[in-house]
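Trainee: Predicted model, plus sequence, below.
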There are 2 protein chains.
Amino acid sequence: MAATASPLFERVALIGIGLIGSSLARRMRRDGLVRTIAVSARTEATLAKVRELALAEETSLDPAAAAAGADLVVLCAPLGANAALAEKIGPALKPGAIVTDVGSAKRCVIRDVAPHVPAGVHFVPGHPVAGTEHSGPESGFPELFEGRWCILTPPAGTDEGAVARVRTLWEACGSLVEVMDANHHDHVLAITSHLPHLIAYTIVGTATDLAQQTQAEVIKFSASGFRDFTRIAASDPIMWRDIFLNNRDAVLEMLGRFTEDLTALQRAIRWGEADRLEDRFRKTRAIRRSVIAAKQA
Amino acid sequence: MAATASPLFERVALIGIGLIGSSLARRMRRDGLVRTIAVSARTEATLAKVRELALAEETSLDPAAAAAGADLVVLCAPLGANAALAEKIGPALKPGAIVTDVGSAKRCVIRDVAPHVPAGVHFVPGHPVAGTEHSGPESGFPELFEGRWCILTPPAGTDEGAVARVRTLWEACGSLVEVMDANHHDHVLAITSHLPHLIAYTIVGTATDLAQQTQAEVIKFSASGFRDFTRIAASDPIMWRDIFLNNRDAVLEMLGRFTEDLTALQRAIRWGEADRLEDRFRKTRAIRRSVIAAKQA
């Protein structure tokens, strides 16, 4: 969808502004999607950076001040901060406002935020499935969401008009929008995103514990597979800590399946079961072809 | 090192010709590094492809015919084929010839090939640490080795002149050459290359076993981390089967460390140990910075 002539929202408040929040701000400003952007962050240093980058008309350490009078409030802080932030902004929200977020797990957002959303305010949880290994407001760019999915997980009974307005915003940012149940979202993302990150963090950590000399060689010869894991394992530590703690059940379930499969391959290696290994390695090629066909490669 | 005016070798035999062998052939031809290239492969179809791509002056189903009279013989087949190939070519090798290989594990190559190398012929095992997820002679390209490491693991007592000639060839292909002990090579590569591939194969396999509907969504939302694993897990099944079977001890040892570390993180997630998770995730960022600093990113 192309940029609209008149803004989609008059006043948007971004509560927290890292890679995702600042990319959203840049896109909204570039394409005139909103009239005014107010940003709240935890530190004055971050707000100074926001002003330096000209990402917002207003900046405040007080999330309630940013949220006051906003037509759209976007929670862009790590998942663990949501409950306290929602409690603070709740009383400041104006009737008819929409609250959304960008968190990578969705059941916990509904659990932490919904109780603080007053009657007459709409709550549309969202997850733009996009990112890089870089973090902070200086890492954002307006094309981050281009061609990527954004998943909305409105609880049953959410106002259709509010969902449509959030959808329109993400489509204007270049995203493909999908609506699904929060529970299903958390299950799918546990395997596509959370488990890969956990594994990458683990193997890079395993290498970190090797002797100094070996570690230097691991870095030297990292082009042979390891470097892809180092990129994933360079993602924001706080953000990922909160994802694992807040999507615990789904992550532990997928991790259980993964560990079983890894143990089976380990056994096949130990006992020299060539056919089993080859068979397993052949099957995974089909998924790669599907990823390429789905234009997500 | 620039291409030399006179060829480095008169006659080179490539025994097996997939991604690595064909990239080597393309580079050698492009830069006039050798006078004549003879290729042996298992099937007539592969040899027809080699002729179509004009990768060699001679093609033969008989590895001994290709190796006869060669100054340099490069074993480019999967590791599991080396023992039988070495047995076949051994009697055909001319005095003063050099035998090398491109295998991803090195102790097994010494074990399988050295007994068949006659006196007066030099054996210099090698491993160009380069590759893509594509396989077959049509996937090669002359720049594959540019800026990448090539590790040579000559057994104690190997002729220095022979090692120097193999080094010069790889440097002419754009590689940085390092000489190390085969045992150490297998240990380092187990963590930088073999374990990452095993893990990627595993998690993509885990996803393959999910319900059809979920699997479609895993592909749809794969940009969130999973797709990087699908690329690695699309690597050649036979080549990787042979690597795991032939570097078994080192892979199982690294896998043991990895599993311990994963179990510790799993426990931290289950018991909500936020500090432990954050601490672990912070440490891995340092390795990423080192990889970037080493220009291997």
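Mentor: Nice, thanks for sending it over.
Trainee: Helices of the stretch 51-200 of chain A, residue ranges please.
Mentor: Taking DSSP state H, counting those that start in this stretch, the helices of the stretch 51-200 of chain A run over residues A:63-67, A:82-89, A:107-113, A:160-172, A:182-189, A:195-208.
Trainee: Pretty sure A:Ala172 sits against A:Pro7.
Mentor: No. With contacts counted by C-beta atoms under 8 Å, A:Ala172 stays clear of A:Pro7, the gap being 10.2 Å. C-betas here are computed from N, CA, C, even on glycine.
Trainee: about what we covered before: switch the helices of the stretch 51-200 of chain A over to TSV; also include mean pLDDT, mean neighbour count and distance to B:Asn183.
Mentor: Shown next, in TSV, are the helices of the stretch 51-200 of chain A (pLDDT from 0 to 100; neighbours: other C-beta atoms under 10 Å in any protein chain shown; distance: least, C-beta to C-beta, whole Å):
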stretch	mean pLDDT	mean neighbour count	distance to B:Asn183
helix A:63-67	98	24	58
helix A:82-89	98	20	51
helix A:107-113	98	21	48
helix A:160-172	98	18	54
helix A:182-189	96	22	42
helix A:195-208	94	25	19
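Trainee: Heading C-terminal from the helix or strand bottoming out on mean pLDDT in chain A, find the next helix or strand.
Mentor: The helix or strand of chain A with the lowest confidence, counting by mean pLDDT, DSSP states H and E, is helix A:212-220 at a mean of 86. Next in sequence after helix A:212-220, counting helices and strands by DSSP states H and E, comes helix A:226-232.
Trainee: before we move on, the earlier item: which neighbours do A:Ala172 and A:Pro7 share?
Mentor: Jointly contacting A:Ala172 and A:Pro7 under the rule C-beta atoms under 8 Å, 6 or more residues apart in numbering or on different chains are A:Leu33.
Trainee: wait, doesn't A:Arg280 sit right on A:Arg267?
Mentor: No. Assessed by C-beta under 8 Å, A:Arg280 is found out of contact with A:Arg267, at 11.8 Å.
Trainee: Okay, now the unreliable bits of the stretch 1-150 of chain A?
Mentor: Scanning the stretch 1-150 of chain A for pLDDT under 70 picks out the ranges A:1-5.
Trainee: which residue does it bring closest to chain B?
Mentor: A:Val129 (4.9 Å; C-beta to the nearest C-beta).
Trainee: ok, back up a step: now do the least confident helix or strand of chain A against helix A:195-208: the angle between them, please.
Mentor: Put simply, helix A:212-220 runs at 140 degrees to helix A:195-208, going by axes from the mean of the first three to the mean of the last three C-alpha atoms, to 10 degrees.
Trainee: so how far is helix A:212-220 from its chain's centroid?
Mentor: Chain-centre distance of helix A:212-220: 32 Å, with C-alpha atoms, centre = their mean, to the nearest Å.
Trainee: Could you list which residues are in contact with the residue most central in space within chain A?
Mentor: Closest to where the C-alpha atoms of chain A average out (C-alpha atoms, centre = their mean) is A:Ser104, at 4.0 Å. A:Ser104 makes contact with A:Leu79, A:His127, A:Leu189, A:Ser193, A:His194, A:Met239, A:Ile243, A:Asn247, B:Ser224, according to C-beta under 8 Å, 6+ apart.
Trainee: same thing but 10 Å
Mentor: A:Ser104 sits next to A:20, A:78-79, A:127-129, A:131, A:185-186, A:189, A:193-194, A:197, A:239-240, A:242-243, A:246-247, B:224 when contact means C-beta atoms under 10 Å, 6 or more residues apart in numbering or on different chains.
Trainee: What is the top helix by length along chain A packed up against?
Mentor: Taking DSSP state H as the criterion, chain A has its longest helix at helix A:248-270. Judged by 3 or more C-beta pairs under 10 Å, 6 or more residues apart in numbering or on different chains; DSSP states H and E, helix A:248-270 is in contact with helix A:107-113, helix A:182-189, helix A:195-208, helix A:237-246, helix A:274-293, helix B:195-208, helix B:237-246, helix B:248-270.
Trainee: out of the helices of the stretch 51-200 of chain A, nearest to B:Arg285?
Mentor: helix A:195-208 (9.0 Å; C-beta to C-beta).
Trainee: hang on, the earlier thing: would you format the helices of the stretch 51-200 of chain A as CSV with distance to chain B included?
Mentor: Listed next are the helices of the stretch 51-200 of chain A as CSV, based on distance: least, C-beta to the nearest C-beta, whole Å:
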stretch, distance to chain B
helix A:63-67, 22
helix A:82-89, 14
helix A:107-113, 13
helix A:160-172, 15
helix A:182-189, 5
helix A:195-208, 4
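Trainee: What sits closest to A:Leu176 if chain neighbours are left out?
Mentor: Leaving aside its sequence neighbours, A:Leu176 sits nearest to A:Trp149 (C-beta to C-beta, 6 or more residues apart in numbering or on different chains; 5.2 Å).
Trainee: picking up where we left off before, now the helices of the stretch 51-200 of chain A in CSV, with distance to B:Ala233?
Mentor: Listed next are these as CSV, based on distance: least, C-beta to C-beta, whole Å:
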stretch, distance to B:Ala233
helix A:63-67, 43
helix A:82-89, 35
helix A:107-113, 29
helix A:160-172, 30
helix A:182-189, 19
helix A:195-208, 11
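Trainee: among those, which is nearest A:Ala297?
Mentor: helix A:195-208 (15.0 Å).
Trainee: Send over the longest helix of chain A as CSV, restricted to the C-alpha atoms.
Mentor: C-alpha atoms of helix A:248-270 as CSV (Å, rounded to 0.1, in the frame of the first residue of the first chain):
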residue,chain,number,x,y,z
ARG,A,248,9.0,-20.3,28.4
ASP,A,249,6.5,-23.1,27.8
ALA,A,250,6.7,-23.0,24.0
VAL,A,251,10.5,-22.7,24.0
LEU,A,252,10.9,-25.6,26.4
GLU,A,253,8.6,-27.8,24.4
MET,A,254,10.4,-27.1,21.1
LEU,A,255,13.8,-27.5,22.9
GLY,A,256,12.7,-30.9,24.1
ARG,A,257,11.9,-32.0,20.5
PHE,A,258,15.2,-30.6,19.3
THR,A,259,17.2,-32.3,22.0
GLU,A,260,15.6,-35.7,21.2
ASP,A,261,16.4,-35.2,17.5
LEU,A,262,20.0,-34.2,18.3
THR,A,263,20.5,-37.2,20.6
ALA,A,264,19.2,-39.5,17.8
LEU,A,265,21.8,-38.0,15.4
GLN,A,266,24.5,-38.2,18.0
ARG,A,267,23.7,-41.9,18.4
ALA,A,268,23.8,-42.4,14.6
ILE,A,269,27.2,-40.8,14.5
ARG,A,270,28.6,-42.8,17.4
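Trainee: That one: how far from the chain's middle?
Mentor: 25 Å.
Trainee: Just want the angle from it to helix A:195-208.
Mentor: Between helix A:248-270 and helix A:195-208, the angle comes out at 60 degrees (the same axes, to 10 degrees).
Trainee: Give me the buried positions along helix A:248-270.
Mentor: A:248, A:250-251, A:254-255, A:257-259, A:261-262, A:265-266, A:268-269 (16 or more other C-beta atoms under 10 Å in any protein chain shown).
Trainee: Take the residues you listed and lay them out in a markdown table including distance to A:Pro142 and pLDDT.
Mentor: A markdown table is the format used below for these (distance: C-beta to C-beta, whole Å; pLDDT from 0 to 100):
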| residue | distance to A:Pro142 | pLDDT |
| --- | --- | --- |
| A:Arg248 | 34 | 97 |
| A:Ala250 | 32 | 96 |
| A:Val251 | 31 | 97 |
| A:Met254 | 33 | 96 |
| A:Leu255 | 35 | 97 |
| A:Arg257 | 38 | 96 |
| A:Phe258 | 36 | 96 |
| A:Thr259 | 40 | 97 |
| A:Asp261 | 40 | 96 |
| A:Leu262 | 40 | 97 |
| A:Leu265 | 42 | 97 |
| A:Gln266 | 45 | 97 |
| A:Ala268 | 47 | 97 |
| A:Ile269 | 47 | 97 |
